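A.B. asks: I'll drop the sequence and a predicted model, then ask my questions.
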Amino acid sequence: MKKIKFLIFTLSILLFNNCEKESYELGDIINPTDLTISAVIQGADENNPYGDGSGYVTFTANAADAITYKFIQNGVDYMEPSGLFTTRFTTTGIHIYDIDVIASGIAGEITNASISVEVLYTFEPPADLVADLTTGGWRVMAEAPAHMGVGPNDDMAPDGVATWWNAGPYDKSDTAMYDDRMVFSSDGIMEYQTQGSIFGKAPPLESDFSGNQGLGDPNSDGEHAYYPADNFNSNWTISEDNGYLILNFTGNGFAGFYVGGNHSYTILSRTSTEIYLKTIGFDNNGWFIKITNQE
């Protein structure tokens, strides 16, 4: 019995010593300091202080003890560990834009600052496109084949069909998508009429709107079919890039199916009553949507 007691005592000491050896200390938590932000407007010089009209601006952020940077433009976050962020401002004319920057350090400690830039954008959108957009209320063209689709981010759907998947007519009738309306005004405001709920991918919906709202788990495709949302306004502009016209929204503006991303839609084809669009979503996939102004 004495041998057993001695053995138990010895094991207890060994366990205690091992626990002591495995204790760790957290290193110093250091706030990033001396955050600086600079901006280079493309084509800016003494004679063209607001740039060459392309709207491109490159921002550089630097802070001591920072490990990553977040740039915030129109409420959209862009994580850029390098501290370099290039964006394009596409409101015609000379306008002042604000960019917020958050520098993050060890253990999530942050320092923030902001910068304002005055930028020229000279693109004039086609008058017929503006006239078409501001005629009637636009909706997802539920009755058309391939009115919704998904493919890789470089997919341009040359035949009007996305590479990976395309919706058949009324495939999404069990969601909130088909009764939504987009009303474009000539003053650059788009009113998104939700009829009380919208349809989209759960991660960006919950992040950009109002959390889960008690909806529980998303469906098997990671979507919320009926996400509660009131009508809201967004600014809209038309720009161009690599020969394509781009429909841009500010804030949470979107077309039919919410996928987050940068809220810019490439116009792949159009008539006065139908427009086929592509955007890059939060998941870096290409998402396609066909809209019409015909009821």
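C.D. replies: Done, it's in.
A.B. asks: contact partners for the closest residue to A142 other than its chain neighbours?
C.D. replies: Nearest non-adjacent residue to A142, counting by CB to CB, 6 or more residues apart in numbering: Y178, 4.6 Å away. Every residue, glycine included, has its C-beta placed from N, CA and C. Y178 makes contact with R139, V140, A142, Y170, K172, according to CB atoms under 8 Å, 6 or more residues apart in numbering.
A.B. asks: and what of N233?
C.D. replies: Contacts for N233 were tallied using CB under 8 Å, 6+ apart; they are I189, M190, E191, Y192.
A.B. asks: ok so, going back, distance check, the residue nearest to A142 against N285.
C.D. replies: To N285, Y178 is 22 Å away according to CB to CB, to the nearest Å.
A.B. asks: re earlier: from the contacts of Y178, keep the buried residues only.
C.D. replies: R139, V140, A142, K172 (16 or more other CB atoms under 10 Å).
A.B. asks: for G53, see how far away the third one is.
C.D. replies: In this case it means A142. The value you get for A142 to G53, if CB to CB is used, is 39 Å.
A.B. asks: if we can go back for a sec, any chance of JSON lines for the buried ones among the contacts of Y178, columns secondary structure, distance to P228 and pLDDT?
C.D. replies: Listed next are those as JSON lines, based on DSSP: H, G, I helix; E, B strand; the rest coil; distance: CB to CB, whole Å; pLDDT from 0 to 100:
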{"residue": "R139", "secondary structure": "strand", "distance to P228": "20", "pLDDT": "98"}
{"residue": "V140", "secondary structure": "strand", "distance to P228": "19", "pLDDT": "98"}
{"residue": "A142", "secondary structure": "coil", "distance to P228": "21", "pLDDT": "98"}
{"residue": "K172", "secondary structure": "coil", "distance to P228": "18", "pLDDT": "98"}
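A.B. asks: dump those residues to a markdown table, plus distance to G43.
C.D. replies: Below are those laid out as a markdown table (distance: CB to CB, whole Å):
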| residue | distance to G43 |
| --- | --- |
| R139 | 40 |
| V140 | 39 |
| A142 | 44 |
| K172 | 44 |
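A.B. asks: in those, find the pair that's most separated.
C.D. replies: Comparing all pairs in the buried ones among the contacts of Y178 by CB to CB, the longest separation belongs to R139 and K172, at 12.4 Å.
A.B. asks: I figured L129 was touching T271, is that so?
C.D. replies: No - counting by CB atoms under 8 Å, L129 does not reach T271; the two are 10.6 Å apart.
A.B. asks: more crowded one of these two?
C.D. replies: L129 (16 against 9; other CB atoms under 10 Å).
A.B. asks: so which elements touch the one helix or strand that one maps to?
C.D. replies: Using DSSP states H and E, L129 falls within helix 127-133. With contacts defined as 3 or more CB pairs under 8 Å, 6 or more residues apart in numbering; DSSP states H and E, helix 127-133 has these neighbours: strand 232-241, strand 264-270.
A.B. asks: what's the mean pLDDT across it?
C.D. replies: Average pLDDT, helix 127-133: 97.
A.B. asks: what ranges does the stretch 151-295 of the chain have for its strands?
C.D. replies: With DSSP state E, counting those that start in this stretch, the ranges of strands along the stretch 151-295 of the chain come out as 165-166, 181-184, 189-193, 197-201, 223-228, 232-241, 244-249, 264-270, 274-280, 286-292.
A.B. asks: hmm, back to that, out of the helices and strands packed on helix 127-133, flag the one nearest G253.
C.D. replies: Across the helices and strands packed on helix 127-133, G253 has its closest neighbour in strand 232-241 (2.9 Å, CB to CB).
A.B. asks: and the gap between the closest residue to G253 other than its chain neighbours and I189?
C.D. replies: In space, and not counting its chain neighbours, G253 is closest to S234: 2.9 Å by CB to CB, 6+ apart. Separation of S234 from I189 (CB to CB) stands at 8 Å.
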